[in-house]
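[1] sequence? don't have it. structure:
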């Protein structure tokens, strides 16, 4: 039983399955006190305490730096071998189940750039301000074609400003590489178009389009970027429960002046059309193109999980912070997304084996997209950590917190 527990905690799914078959074949005999067989007795005891071993496995797997395939290769061992084909068990050998074609040391790609590697799937920050990481999703896969302002600043290229039609997204930027779980940090600033785009309810020249852009995760979930400035103080998005709008001044320097009612699920930091932010901390937009202060945006994201039958068992879960590192002032923390908020259905880019929970699950992958939405929004200091995971107590590189992702397990507090 102890051997079973140790193997379960340290082996990948396919290696554990193969190891179990070997043990089953080697220990099938009977004992006087256990006529059902040694193996059957051991497996029954192992299963009785399976929940605890899975918790320990999740913690160990999340912290280990190298897997069993690396050690087998490093020391010239014949087993296990990554990518070997599956064969039926025999008396002499049981082959390793086929693994995904993607190396465990780097994330899968949606179309790896020719001249640069994808960020490693490790707790390492990678600067994405390299144009070779990006292509234009809606422009024939053209290479990066925004406006390089200089000084490490990129400005969204728009088709026309002010907009005359809703023909947008042509210049959406998409990463070549796919990701699953990640921590993304960037800075942005919005143009101030309020005075000229002041027809409050107009879909193009109204409040919903002030400084509009967004971060699409897998093109399935959108974190909104918007000129939602109300004032210099930390402000709750609504003071009355159930309110669906807040008032934004057309000229924020004139208290009590003309204002537009903005939908709370379209404000900066919102999950677009899905979840309002708890706080409105975006800074005042100045100029077009923008010349005002920079805003910080941080996203912590875990991809949906699916069991062996393909049923979703964990929703995509996300934390968003705008101009704060304090969870109490975050737009929201560990919000579970039961469905897409963007353009593509969940699972559009495919799935890979989960490497966090140790339950034989799979998870979605996909690219990061910067949205073109009629506005000269500027970005800088974009960086991603594809090896990130939520940690118990919020400790950097600490133990994986399996209770962070929604819905919580029954054994979570």
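    Received the coordinates, thanks. What you see is a predicted model, and the numbers here were worked out from it, not measured in a lab.

[2] which parts of stretch 262-274 are buried?
    Judged by neighbour count (16 or more other C-beta atoms under 10 Å), stretch 262-274 contains these buried residues: 262, 264, 265, 266, 267, 268, 269, 270, 271, 272, 274. Just so you know, the C-beta spots here come from the backbone N, C-alpha and C atoms, and that holds for glycine as well.

[3] identify, from those residues, the entry nearest to residue 282.
    Distance to residue 282, by C-beta to C-beta, is smallest for residue 268 among the buried residues of stretch 262-274, at 4.2 Å.

[4] tell me the pLDDT of the closest one.
    Residue 268 carries a pLDDT value of 97.

[5] same deal with residue 341?
    Residue 341 is given a pLDDT of 80.

[6] list the contacts of the spatially closest residue to it that is not a sequence neighbour.
    Nearest in space to residue 341, with sequence neighbours left out and distances taken as C-beta to C-beta, 6 or more residues apart in numbering, is residue 274 at 4.4 Å. By C-beta atoms under 8 Å, 6 or more residues apart in numbering, the residues touching residue 274 are 265, 337, 341.

[7] for residue 221, grab the count of nearby residues.
    24 (other C-beta atoms under 10 Å).

[8] what pairs with it across the strands?
    With DSSP bridges as the criterion, residue 221 is bridged to residue 217.

[9] now for residue 188: which residues touch it?
    213, 225, 294, 295, 297, 377, 378, 379, 380.

[10] run a quick neighbour tally on the fourth one.
    If you count neighbours by other C-beta under 10 Å, residue 295 ends up with 20.

[11] same check on the fifth one?
    In terms of burial, residue 297 registers 22 neighbours under the definition other C-beta under 10 Å.

[12] so it is in which element?
    Under the criterion of DSSP states H and E, residue 297 resides in strand 295-302.

[13] let me know the next secondary structure element after the helix or strand of the chain with the lowest mean pLDDT.
    Within the chain, confidence by mean pLDDT, DSSP states H and E is lowest for helix 68-74 among all helices and strands, at a mean of 68. Remark: after helix 68-74, the chain's next helix or strand is strand 126-127, criterion DSSP H and E.

[14] and that next one, which strands flank it?
    When DSSP bridges is applied, strand 126-127 pairs with strand 378-385 (antiparallel).

[15] what are the buried residues along the partner strand?
    In strand 378-385, counting by 16+ other C-beta under 10 Å, buried: 378, 379, 382, 384, 385.

[16] mean confidence score for that strand?
    Rounded mean pLDDT across strand 378-385 is 98.

[17] tell me how far that strand lies from the chain's centre.
    The chain centre lies 15 Å from the centre of strand 378-385; the measure is C-alpha atoms, centre = their mean, to the nearest Å.

[18] report the inter-axis angle for it versus strand 295-302.
    30 degrees (axes from the mean of the first three to the mean of the last three C-alpha atoms, to 10 degrees).

[19] now do strand 378-385: everything it contacts.
    By C-beta under 8 Å, 6+ apart, strand 378-385 touches 119, 123-129, 149, 151-156, 179, 182-189, 289-290, 294, 368, 370.

[20] hmm, back to that, which of the contacts of residue 274 fall in strands?
    residue 337 (DSSP state E).
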